[in-house]
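[1] For reference, the sequence and a predicted model appear below.
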Amino acid sequence: MNELFNIPETLSPRLAWMRRHGINSRLMPDDTWYVWNYSGLGHSLKQGRGNTEDEALTALAKQAGIKLWN
């Protein structure tokens, strides 16, 4: 047992929202954030870019028509 206390993992609201919507993120070599998800049987790609991860997530949410976590 490596843990001091046996406490279940608790995600932040943003990370829980990303997991619920299947959103991935990556910091690109040009220091911009790229986020994406695949949805539906047709595997339609939704994506967003921004100077910060929050900006990229906001762009993706607008494109996908989903409400943000906050």
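    Okay, I see it. Numbering: from 1, shown residues only.
[2] And the strands in the chain?
    24-27, 33-39, 44-50 (DSSP state E).
[3] Those strands into JSON lines, with extra columns for mean neighbour count?
    Backbone N, C-alpha and C define where each C-beta goes, glycine included. Below are the strands of the chain laid out as JSON lines (neighbours: other CB atoms under 10 Å):
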{"stretch": "strand 24-27", "mean neighbour count": "12"}
{"stretch": "strand 33-39", "mean neighbour count": "17"}
{"stretch": "strand 44-50", "mean neighbour count": "16"}
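[4] residue boundaries of the helices in this protein?
    Applying DSSP state H to the chain gives helices spanning 13-20, 53-64.
[5] picking that back up, TSV for the strands of the chain, including mean pLDDT and distance to P13?
    TSV is the format used below for those (pLDDT from 0 to 100; distance: least, CB to CB, whole Å):
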stretch	mean pLDDT	distance to P13
strand 24-27	95	15
strand 33-39	87	16
strand 44-50	88	18
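[6] Now render these as TSV, adding distance to Q63.
    TSV is the format used below for those (distance: least, CB to CB, whole Å):
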stretch	distance to Q63
strand 24-27	15
strand 33-39	10
strand 44-50	5
